[in-house]
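Participant: Below are the sequence and a predicted model for it; my questions follow.
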2 protein chains.
Amino acid sequence: MTERHTVHHIPVCPFSQRLEILLALRGTPEAVEFRVVDITKPRDPALLAKTRGTTALPVLETPGGGILKESLVILRYLDETLPGPALRRRDPMEHAVESMLVGREGPFTAAGYLFVMNQDPVRRAEHEAKLLSLYRDLNAFLTEHNPDGAFLFEDFGWAEAVFAPMFMRFWFLDYYEGFRLPDTPDCHRVRAWVDACLAHPATGQVTREEIVKLYYDYAMGAGNGALVPGRAVSSFVFLPAWQDRPWPPRTKYEGTASDAELGLLGRE
Amino acid sequence: MTERHTVHHIPVCPFSQRLEILLALRGTPEAVEFRVVDITKPRDPALLAKTRGTTALPVLETPGGGILKESLVILRYLDETLPGPALRRRDPMEHAVESMLVGREGPFTAAGYLFVMNQDPVRRAEHEAKLLSLYRDLNAFLTEHNPDGAFLFEDFGWAEAVFAPMFMRFWFLDYYEGFRLPDTPDCHRVRAWVDACLAHPATGQVTREEIVKLYYDYAMGAGNGALVPGRAVSSFVFLPAWQDRPWPPRTKYEGTASDAELGLLGRE
C-alpha cells in the first residue's frame, strides 16, 4: 500500500488495540494513521456521514474513501494487505482452530463487561461464575490443542491479538471486583495464556493504571462515555490526563466518587 | 485432498446447507461425506466424544480425525482447501465488504427464529418490526455497494452462501406468520437479493414444503427437536417422510395440532 489508511478510534478501545497489535507485530506502525474520537463529545458529522450514521468504532478509511467496520473484518483486511508475514496461520486447518478460539471471544467479552457494570451486589456471584465458566472453556480448548505451550501455537498470533486486549481490560475486574483466576488445574492453562499475552511486547499500548482509571465509570454502570448520575465529567475525558489523577476507590457497590475525588476537575 | 472429509449434520439445518451450497458451486459434492444426525434421538456417544460434549452441528471431521465446529469456520476451511476457484472474493477490500454483510447474519437469524417461535400474539407486531428493520438494514447495505445488481457482487458468492439458507428457512414466517417484505423502496433491493438467492441452482437442497412441515414445532415454540407439550412425536422425525404428511395448519397461536393430524403416526 502506497497511501496510508486511517483508523478512527478511541485510544483505549480494546477493538482498536487489536489493530495496533497487528501493526506492532508487523513492524509497520506507520501504515495506518490513527485519528482520535472523543466519545465524551457529540460525534463529528463528517465522520457520521462516512459511517452512514453508525457510531461503533474503530472504523477504517481507505485512501480511496472506502469504509470498513468491525475490528475482526479490519484485522483480516490489514493482515491480507500489509507487507510481511501474515498474522493468521497459513495452514487452513490451523487457521480454523484459531478461528474457533476467536469465536469464543464475544461471549467472553460480554461476560466481563456485564460483570464490571453490574450494580447489584446480590448478582455478583452469578456474574463471577459465568465468567469463570468461560475461562474454564478457554482452558479446555488450549489444553486440547497445545497442552504444554504458552500460546495457542508456538507464538503470539491471530487469537492472541483478539483476546489480549480483553485480558488487559479485565484488569478492571481485578481492581473493582477482586476477581482473580483460581489456582486450580482447570484454570492453569488459560492463566499461562493470559500471562504470556500480557507479557508480550506487542501488547504494550495500554497500562493497568490507564485501564483502571479510564474505566471507572464502567464499574459505576455507565458505558461508552455515558455520564454517571451525580457526576458532570466522564472518566473517559482526555483532560486531566489519567496520569495526573488519583487511583479511584475500589468500592464500586457504594456509589460513585465525586468528579473532584476522581481528579476530573482540572484545567480544560 | 485425497481422503474424504465427513460432516455430521441435520439434513435440513441451514448451517449445514451453507457447506452443501459451497460444494454445489465448486462442483465437488463428493469431497465431503455427510452423515445424518437425528436430533429427535439421544446423541451417539462416539460423536459426543469427538465433539467433547457439545451437541451443536454441523461438525466437520478431517481424514486425520481433526474436529472443526461452527459453520463459518468450516466454510472458510473448505473454501481454502477444496480445488477450484474460491467462493470468497480474492480482493481483500471486497472480502471485507462481504464479511461486513455476513456479520449481519447473526442478529438477522435470531430475529427470524424468535419471531417464528413467539407464542404471544400481543408481541407479534414487535417481532415483525424488528425483523423488518434488519431487512431494511440489508437493503441499505446492498444499495450502497451494488445498487443495480441482484447479488452483492456480480454473482452468487460468500455472503449469499451464508444468507440463502436463512431466506429459505424464513419460508416458515411466510407460512405461519403471513410475513412478507413490503413493496416499498426501502425493501426493493433486498427483495431482489432474496429472490436471486432462492432462484440460484446451488440452493436447491431443500424445498418450501419441507421447511414448512419440518419446522412446524418451531412455530409451536419448540426448537431443536424438543417435544411440544401434548405431543409424542417431533415434526423433525425422519419417518413418516415429510412428503407423506399433510400441510400443517397455519394457525400457530391456537395451539398445536395432534400427532395424527400432522401425519406423524406412520410406520416406524
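Facilitator: Noted; the coordinates are in hand.
Participant: how about the helix or strand where A:S133 lies as PDB, C-alpha atoms only?
Facilitator: In the assignment (DSSP states H and E), A:S133 maps to helix A:124-145. C-alpha atoms of helix A:124-145 as PDB (Å, rounded to 0.1, in the frame of the first residue of the first chain):
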ATOM      1  CA  ARG A 124     -22.100 -10.500  41.800                       C
ATOM      2  CA  ALA A 125     -21.600 -14.300  42.400                       C
ATOM      3  CA  GLU A 126     -23.700 -15.100  39.300                       C
ATOM      4  CA  HIS A 127     -21.500 -12.900  37.100                       C
ATOM      5  CA  GLU A 128     -18.300 -14.300  38.600                       C
ATOM      6  CA  ALA A 129     -19.500 -17.900  38.000                       C
ATOM      7  CA  LYS A 130     -20.400 -17.100  34.400                       C
ATOM      8  CA  LEU A 131     -17.000 -15.600  33.600                       C
ATOM      9  CA  LEU A 132     -15.200 -18.400  35.300                       C
ATOM     10  CA  SER A 133     -17.100 -21.000  33.300                       C
ATOM     11  CA  LEU A 134     -15.900 -19.200  30.100                       C
ATOM     12  CA  TYR A 135     -12.300 -19.100  31.400                       C
ATOM     13  CA  ARG A 136     -12.500 -22.900  32.000                       C
ATOM     14  CA  ASP A 137     -13.800 -23.400  28.500                       C
ATOM     15  CA  LEU A 138     -10.800 -21.500  27.100                       C
ATOM     16  CA  ASN A 139      -8.600 -23.700  29.400                       C
ATOM     17  CA  ALA A 140     -10.100 -26.800  27.900                       C
ATOM     18  CA  PHE A 141      -9.600 -25.600  24.300                       C
ATOM     19  CA  LEU A 142      -6.000 -24.600  24.900                       C
ATOM     20  CA  THR A 143      -5.300 -27.900  26.700                       C
ATOM     21  CA  GLU A 144      -6.700 -29.800  23.800                       C
ATOM     22  CA  HIS A 145      -4.700 -28.000  21.100                       C
END
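Participant: Outside of the following helix or strand past it itself, list whatever touches it.
Facilitator: Downstream of helix A:124-145, the first helix or strand assigned by DSSP H and E is helix A:158-169. Residues outside helix A:158-169 that contact it (Cβ atoms under 8 Å, 6 or more residues apart in numbering or on different chains) are A:14-15, A:17-18, A:21-22, A:25, A:72, A:75, A:79, A:87-89, A:95, A:98-99, A:101-102, A:105, A:108-109, A:112, A:151-152, A:156, A:193-194, A:196-198, A:200, A:202-203, A:206, A:208, A:211, A:215. All C-beta atoms are positioned from the backbone trio N, CA, C, and that covers glycine.
Participant: for the record, mean pLDDT for helix A:158-169?
Facilitator: Helix A:158-169 carries an average pLDDT of 98.
Participant: what does the stretch 1-150 of chain A have sitting close to chain B?
Facilitator: Within the stretch 1-150 of chain A, the residues that sit near chain B (Cβ under 8 Å from any Cβ of the partner chain) are A:52, A:62, A:66, A:68-70, A:72-74, A:76-77, A:80-81, A:92-93, A:95-97, A:99-100, A:103, A:140, A:144.
Participant: Quick one: end-to-end distance for stretch A:15-34.
Facilitator: Terminal residues of stretch A:15-34 are spaced 13 Å apart (Cα to Cα, to the nearest Å).
Participant: gap between that stretch and the chain center?
Facilitator: Relative to its chain's centre, stretch A:15-34 lies at 14 Å (Cα atoms, centre = their mean, to the nearest Å).
Participant: List the buried residues for that stretch?
Facilitator: Within stretch A:15-34, the residues scored as buried using 16 or more other Cβ atoms under 10 Å in any protein chain shown are A:15-26, A:31-32, A:34.
Participant: Below-threshold pLDDT in chain A: ranges please.
Facilitator: Under the criterion pLDDT under 70, the flagged ranges of chain A are A:1-2, A:267-268.
Participant: can you pull out the helices in it?
Facilitator: A:14-26, A:45-50, A:71-81, A:92-102, A:105-117, A:124-145, A:158-169, A:171-177, A:185-199, A:208-214, A:216-219 (DSSP state H).
Participant: Out of the ones you listed, which is closest to A:G263?
Facilitator: Checking these against A:G263 by Cβ to Cβ gives helix A:208-214 as the closest, at 8.4 Å.
Participant: Flag every buried residue along that closest one.
Facilitator: A:210-214.
Participant: now swap in stretch A:74-86 and tell me
Facilitator: A:74-80, A:82.
Participant: what comes into contact with it?
Facilitator: By Cβ under 8 Å, 6+ apart, the residues outside stretch A:74-86 that reach it are A:1, A:5, A:7, A:18-19, A:22-23, A:26-28, A:31-32, A:58, A:60, A:68, A:87-88, A:158, A:161-162, B:92-93, B:95-96, B:99.
Participant: ditto for stretch A:135-146
Facilitator: A:97, A:100-101, A:104, A:108, A:152-153, A:181, A:186-190, A:193, B:52.
Participant: of all the residues you listed, which two lie farthest apart?
Facilitator: Applying Cβ to Cβ across the contacts of stretch A:135-146, the maximum distance is between A:V97 and A:L181, 22.9 Å.
Participant: When the two are compared, which one has more neighbours?
Facilitator: Shown here are A:V97 and A:L181; by other Cβ atoms under 10 Å in any protein chain shown, A:V97 has more neighbours (25 against 18).
Participant: So what's the residue count around the closest residue to that one other than its chain neighbours?
Facilitator: Once flanking residues are discounted, A:V97 sits nearest to A:H145: 5.9 Å by Cβ to Cβ, 6 or more residues apart in numbering or on different chains. The number of residues packed near A:H145 is 15, by other Cβ under 10 Å.
Participant: ok, now A:S258?
Facilitator: When neighbours are defined as other Cβ under 10 Å, A:S258 has 12 of them.
Participant: who's in contact with the closest residue to it other than its chain neighbours?
Facilitator: Closest residue to A:S258 apart from its sequence neighbours, by Cβ to Cβ, 6+ apart: A:R231 at 7.3 Å. Each residue near A:R231 by Cβ under 8 Å, 6+ apart is listed here: A:217, A:256, A:258-259, A:264.
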